[in-house]
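> Below are the sequence and a predicted model for it; my questions follow.
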Amino acid sequence: MSDHNLAFIFPAFTSDYYDLPGRNMSDFDHRFNELLMLAAISTDPALAGFSFTGTTFQEDELRNQYLTYIYSCAASSVLRKAGFTPWVNAGYSMGIYASLFDAGSISFETGLTLIRLAYHCLLANLKNVSCGMGTLIGLDRNDIQKLIGQSSLRVEITNQNASHSFVVSGYHEDIGKLMELAREEGALHTRDLVVSIPYHSALLKDGAMEFARQISHLEIKAPEIPIISLIDQKMLSTSAMIREEIVRNLFHPLNWFQTMHVMLEYNVSQLIECGPSKGLVKNSKFVEGNYRFFSLSSIPQR
């Protein structure tokens, strides 16, 4: 793969560890375990001795966030060692932290700190209100907005994955009502994402401001390669831009569909999903363009 048309894409926190595509990559196990040991020492002793076999880590939301980050960082490190060098990267939702590590903007340990502080600042700000996220496929944006408005639901559209594929965030009870209404309206698929924090929702603005205060002392450098914003599709190239992005990423809606189109306009023709799932690869079939999107298990050998 030539550098000028290659992008690394970092997925959101996921529990889809069933296939473990990275395990087929040379040196992946060594790098993953190396980073896992570092994380256990610096962040959370509960990560020490972790094994994918027989684990129930999906039941621990924060632990799962750590593991997705560690997995993604290991994947991009091994890919770079193998000679894959992107000219741009993007972090889908909370994949932003792994994208910053890959681009040299933050240290591995700083990424762990950002994850921990964001989780606790946002959760504390919600004051035990039951919130969550969900996905809706088969309706357009106007259809969903109409359903939200007609029933005065405390829900927002917080990401668009394709022309008829959306993520919503808000109060858990209202998300359930929206899912039911959407199915009655003809939605092809709905899914509760089973998270406690409504990421990218305005509900999190106060928590995001507290997060900004708590990370003010952390070192965040200009990235060595551009990072594309999922909020406004700008190329982030300075420390100040990165610092602003990681705060507003928590409470501002995203648009992955538009981000894909902008990357294609920049002549990106090959993308690699640097994470344990294949969700973004699967979603790409709904985005027209002359490109190839690889999972870790489908990357051509060099």
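That came through, no problem.
> any chance you could map the strands in this protein?
With DSSP state E as the criterion, the chain has strands at 6-10, 88-91, 131-137, 155-162, 165-171, 189-192, 227-228, 235-236, 270-273, 292-294.
> can I get those in JSON lines with mean pLDDT?
As requested, those are arranged in JSON lines below (pLDDT from 0 to 100):
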{"stretch": "strand 6-10", "mean pLDDT": "97"}
{"stretch": "strand 88-91", "mean pLDDT": "98"}
{"stretch": "strand 131-137", "mean pLDDT": "96"}
{"stretch": "strand 155-162", "mean pLDDT": "97"}
{"stretch": "strand 165-171", "mean pLDDT": "98"}
{"stretch": "strand 189-192", "mean pLDDT": "94"}
{"stretch": "strand 227-228", "mean pLDDT": "98"}
{"stretch": "strand 235-236", "mean pLDDT": "98"}
{"stretch": "strand 270-273", "mean pLDDT": "96"}
{"stretch": "strand 292-294", "mean pLDDT": "95"}
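> Of all those, which one is nearest Ser76?
Ranking the strands of the chain by distance to Ser76, with C-beta to C-beta as the measure, places strand 6-10 first at 5.7 Å. To be clear about C-beta, it is placed using only N, CA and C from the backbone, and glycine gets the same treatment.
> What strands line up against the closest one, and which way round?
The partner list of strand 6-10 in its sheet, established with DSSP bridges, is strand 88-91 (parallel), strand 270-273 (parallel).
> Pick the most buried one from the ones you listed.
The highest mean neighbour count among these, using mean count of other C-beta atoms under 10 Å, belongs to strand 88-91: a mean of 26.
> follow-up on the earlier one: tabulate the strands of the chain (a markdown table), appending distance to Asp27.
As requested, these are exported to a markdown table (distance: least, C-beta to C-beta, whole Å):
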| stretch | distance to Asp27 |
| --- | --- |
| strand 6-10 | 17 |
| strand 88-91 | 20 |
| strand 131-137 | 34 |
| strand 155-162 | 32 |
| strand 165-171 | 34 |
| strand 189-192 | 34 |
| strand 227-228 | 25 |
| strand 235-236 | 29 |
| strand 270-273 | 16 |
| strand 292-294 | 18 |
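> List the neighbours of stretch 98-105 that are in contact with it.
Applying C-beta atoms under 8 Å, 6 or more residues apart in numbering, the contact partners of stretch 98-105 are 8, 10, 68-69, 72-73, 76, 80, 86, 89-91, 106-108, 111, 220-225, 227, 239, 242, 246, 274-275.
> Generate a ChimeraX selection restricted to the buried entries among those.
In ChimeraX, this line selects whichever of the contacts of stretch 98-105 come out buried by 16 or more other C-beta atoms under 10 Å:
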select :8,10,68,69,72,73,76,86,89,90,91,106,108,111,220,223,225,227,242,246,274,275
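> Looking at the contacts of stretch 98-105, which are in helices?
The members of those that map onto helices under DSSP state H are 68-69, 72-73, 76, 80, 108, 111, 239, 242, 246.
> which among those gets closest to Leu139?
Each of the ones in helices among the contacts of stretch 98-105 was scored against Leu139 by C-beta to C-beta, and Thr68 proved nearest at 28.2 Å.
> Tell me if I'm right that that closest one and Pro11 touch.
Yes. Here Thr68 reaches Pro11: they are 7.4 Å apart, a contact under C-beta atoms under 8 Å.
> Now do the shared contacts for those two.
95, 275-276.
> now those residues as CSV including pLDDT and distance to Met133?
Compiled in CSV, the shared contacts of Thr68 and Pro11 are given as follows (pLDDT from 0 to 100; distance: C-beta to C-beta, whole Å):
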residue, pLDDT, distance to Met133
Gly95, 97, 15
Gly275, 90, 18
Pro276, 86, 19
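> Save those as TSV, and put in distance to Leu203 too.
Below are these laid out as TSV (distance: C-beta to C-beta, whole Å):
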residue	distance to Leu203
Gly95	21
Gly275	26
Pro276	28
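> Taking the ones in helices among the contacts of stretch 98-105, tell me the two that lie furthest apart.
Longest span within these, C-beta to C-beta: Thr68 and Ser239, 24.8 Å.
> Setting the sequence-adjacent residues aside, check what's closest to Glu34.
Nearest residue to Glu34, sequence neighbours excluded (C-beta to C-beta, 6 or more residues apart in numbering): Ala74, at 7.9 Å.
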